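Novice: here you go, sequence then predicted model.
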Amino acid sequence: MTELPLIGEAVAVAADASGARGLAGARIGVVTFPGTLDDRDAARAVRLAGGTAVELWHGDSELGDVDAVVIPGGFSYGDYLRAGAIARFAPLMSKIIDAANSDAKLPVLGICNGFQILTESHLLPGSMIKNDHLKFLCRDQVLRVENSNTAWTLNYEAGQEITIPLKNQDGQYIADEKTLDALEAEGRVVFRYVGFNPNGSRRDIAGISNAAGNVVGLMPHPEHAVEPGFGPESLDGIGGSDTDGLGFFTSVLNKIVGGDK
């Protein structure tokens, strides 16, 4: 079997004298629920960045020895009730919630349906509802990085514009005005849509974080923009390259091994 190229190798940070893990030893758990679609894509993105992807099943009672967790996109439990509403009660989610809120502040990334699950779990505020045009939408989307200080955005620059694929039907982020004002004031809006708001999200919000910055949720799919020749190109001269999503995964790996900026 051919080994995957380590695209993120250029930003690799060696293990230090204290025995901290190197990139290849950093273990990123990828959760699978019934109806998850993008778990293998997320695992591949982890490996391309230089880390080790660890399969996690929604019914597991323990997280195991993982350094971070990705909750990928799809339609967990068929999106019955509300998107993410049933997944929130999966046995593994209680462990993820505890670990994310612990002193260790486990890094957690929720992508699309994963973002919905994070709001249902109250790891992130607000909620996700149907797109304002009431249609499923799939397109390449330009985002602006508003906060480069989270565990998942360290390898980006504030104000940087990137192009990431987006595909959703319940992608409209909503919250009351008090919550929205707090997110803005505290710098917890991590990504904002540029040029076009694809789902009616309040204040063009595409992704947010918790107060500690270890939990991030966004609707677009960075795991689909990690390989040259297989991701979106810049749109109308804005945005970046077809590997714009790789920075999510190299960021958390460098955070884990102590190489964050």
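Specialist: Structure's in. What do you need? Numbers count the residues shown, from 1 in each chain.

Novice: show me where the chain has helices.
Specialist: Shown for the chain, the helices assigned by DSSP state H span residues 39-49, 91-101, 113-120, 177-185, 246-256.

Novice: now the ones you listed as CSV including mean pLDDT and mean neighbour count?
Specialist: From N, CA and C alone the C-beta is placed, and that goes for glycine too. CSV is the format used below for the helices of the chain (pLDDT from 0 to 100; neighbours: other Cβ atoms under 10 Å):
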stretch, mean pLDDT, mean neighbour count
helix 39-49, 97, 23
helix 91-101, 96, 18
helix 113-120, 96, 28
helix 177-185, 98, 13
helix 246-256, 96, 27
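
Novice: would you turn these into JSON lines with distance to Ile129?
Specialist: What follows is the helices of the chain, written out as JSON lines (distance: least, Cβ to Cβ, whole Å):
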{"stretch": "helix 39-49", "distance to Ile129": "24"}
{"stretch": "helix 91-101", "distance to Ile129": "21"}
{"stretch": "helix 113-120", "distance to Ile129": "10"}
{"stretch": "helix 177-185", "distance to Ile129": "15"}
{"stretch": "helix 246-256", "distance to Ile129": "25"}
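
Novice: how about those helices, which one is nearest Asn149?
Specialist: helix 246-256 (10.3 Å; Cβ to Cβ).

Novice: now the closest one against helix 39-49, angle please.
Specialist: Relative orientation of helix 246-256 with respect to helix 39-49: 60 degrees, computed using axes from the mean of the first three to the mean of the last three Cα atoms, to 10 degrees.

Novice: number the residues from 743 up from this point.
Specialist: Got it, first residue is 743 now, which makes that one helix 988-998.

Novice: elements contacting helix 988-998?
Specialist: Of the remaining helices and strands, those touching helix 988-998 by 3 or more Cβ pairs under 8 Å, 6 or more residues apart in numbering; DSSP states H and E are strand 769-774, helix 781-791.

Novice: how about 7 Å then?
Specialist: For helix 988-998, the helices and strands in contact under the criterion 3 or more Cβ pairs under 7 Å, 6 or more residues apart in numbering; DSSP states H and E are helix 781-791.
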